[in-house]
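Q: show me the folded form of this:
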Amino acid sequence: MDEKGYLFTPTTLLLLIPIIIIAVAYSGILNELNMVSNLAIGGDVTATTALNVYSSMEKGAQDAGRSAAFNTTRKVLDERKFFSNSYINTYGESASKEYIKNRILVTMNSYLIQTCRDLETETGREIFLNNESVTNSTSQLIYSDDVTITQDNPYGFYINIRGGIPIRVTQTDQTFEGVTPPIKVFVSVQGLEDPYIWLNSNYLQSNIIFSYPEYDEGNPPSYNFDRTVIKTPPRKIEFLWSCLNGTDNPSDIAGRPYYFPDPQGLSFFDRLENRTNDTSTASDSAKFSTFIVGDPLYNSHGSSYVSHLDHEYFTYPTYSPTVTTITISGDTFTDPDGYIFYLSDYYLDYFNLKSNY
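A: From the prediction side, this is the model:
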């Protein structure tokens with residue numbers, strides 16, 4: 001009997017021993033499980049940090065691309081000077097593409113360094129990208145060799161960051177090591193000013209890049225310019241007149257024609273460099289065209305008898321195709337500004353338009 005009046009027989013004591021042993025063992029298991037759990041959670045944070053770096057690269061590239069495209073168009077407009085169309089760098093990039101790429105690298109690196117440093121502070125991890133410590137990096141983690149710009153869509157371009165860039169995230173007793181996958185982000189140029197129109201029309205006319213909504217892709221493509229012909233006054237050809245007017249764009253500014261895919265047209269980079277279709281380095285799928293409303297170069301041309309497709313209008317008289325008018329019930333079709341609309345025989349046929357309705 002103990003001092004509190006409890007009596008433990010030898011048999012009772014033997015029954016308690018396994019319970020004591022199990023309790024001690026279970027306590028050890030709990031401690032080990034707790035340690036494993038902490039390691040698993042820590043590993044998850046380390047791996048998640050690496051994924052966040054990848055996401056930051058993707059977002060940084062997209063934001064940097066749009067900013068670079070805007071600032072490049074502003075450079076041409078403000079300086080009233082096109083980029084050189086005879087320059088090609090060691091990467092095979094034209095002058096405007098090189099300028100955009102360099103601006104992308106500056107902006108993207110600034111964003112990436114700051115974002116990664118914030119991640120280090122939040123997670124307690126140290127991040128290395130492209131074998132550079134984010135903590136010690138001053139200005140660059142991604143380099144020119146890591147980035148290329150491609151274009152197969154007239155309304156934007158792609159920023160490609162190569163795959164295989166080393167990434168390492170470390171903490172005490174934990175390290176994640178790997179490489180980044182390839183990154184490809186699309187940068188839209190819709191809503192940007194077109195310097196090609198502004199400078200070539202002697203600063204008299206501006207235009208904003210917006211896509212013509214009635215265009216149907218296909219083989220052959222359908223422009224639907226004469227889907228509806230209104231033969232009673234005021235006589236119109238729809239959707240040609242709407243394309244010329246450019247209404248329903250986000251700025252709701254009339255008289256700024258839409259852009260449409262055109263294998264014989266000019267790409268966004270061609271327009272920054274004042275190229276012609278003969279000197280273009282772009283693929284056909286990256287080219288587009290628009291129309292000229294009014295006749296801003298009448299005094300320069302000395303004639304109104306000029307195709308109002310943009311690159312034909314601006315290369316006159318060096319390139320002077322045969323042009324014609326379009327009539328509706330005997331009246332000549334005019335643009336939203338009231339000017340007679342002229343178009344080359346080539347494009348009249350290509351757009352499946354008729355000279356008389």
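Q: beta partners of F260?
A: S289 (DSSP bridges).
Q: same check on K236?
A: Applying DSSP bridges to K236 gives these bridge partners: I230.
Q: could you pull up the contacting residues of it?
A: Shown in contact with K236 (CB atoms under 8 Å, 6 or more residues apart in numbering): V229, I230, I328, F333. Every C-beta, even on glycine, is put in place using the N, C-alpha and C of the backbone.
Q: residues touching the second one, list them.
A: Which is I230. Here I230 is in contact with K236, I237, E238, I328 (CB under 8 Å, 6+ apart).
Q: which one of the residues you listed is nearest to G164?
A: For the contacts of I230, the minimum distance to G164 (CB to CB) is 51.8 Å, reached by E238.
Q: report the buried members of the contacts of K236.
A: By neighbour count, with 16 or more other CB atoms under 10 Å, those hold V229, I328, F333 as buried.
Q: quick check: closest non-adjacent residue to the second one.
A: Using CB to CB, 6 or more residues apart in numbering and skipping the chain neighbours, the partner closest in space to I328 is R235 (4.2 Å).
Q: quick one: the helices in this protein?
A: 10-79, 95-123, 195-200, 240-245, 268-272, 298-301, 310-314, 345-350 (DSSP state H).
Q: relative to G255, how far out is the closest residue to Q171 other than its chain neighbours?
A: Leaving aside its chain neighbours, Q171 sits nearest to R125 (5.1 Å; criterion: CB to CB, 6+ apart). Per CB to CB, to the nearest Å, R125 is found 55 Å from G255.
Q: can you put the buried ones among the contacts of K236 in a markdown table and add pLDDT and distance to N89?
A: Converted to a markdown table, those look like this (pLDDT from 0 to 100; distance: CB to CB, whole Å):
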| residue | pLDDT | distance to N89 |
| --- | --- | --- |
| V229 | 97 | 50 |
| I328 | 98 | 51 |
| F333 | 98 | 46 |
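Q: ok, of those residues, which one's closest to L297?
A: Checking those against L297 with CB to CB, the nearest one is F333 at 20.3 Å.
Q: circling back: as JSON lines, the buried ones among the contacts of K236 with distance to T180 would be great.
A: Formatted as JSON lines, those follow (distance: CB to CB, whole Å):
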{"residue": "V229", "distance to T180": "55"}
{"residue": "I328", "distance to T180": "58"}
{"residue": "F333", "distance to T180": "55"}
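Q: out of these, who's nearest F82?
A: F333 (32.4 Å).
Q: how about the contacts made by the closest one?
A: F333 neighbours (CB under 8 Å, 6+ apart): R235, K236, I237, L240, T325, I326, T327, I340, F341.
Q: kindly write the PyMOL command that selects the buried subset of those residues.
A: The buried residues among these can be selected in PyMOL (16+ other CB under 10 Å) with this line:
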select buried, resi 235+236+237+240+326+341
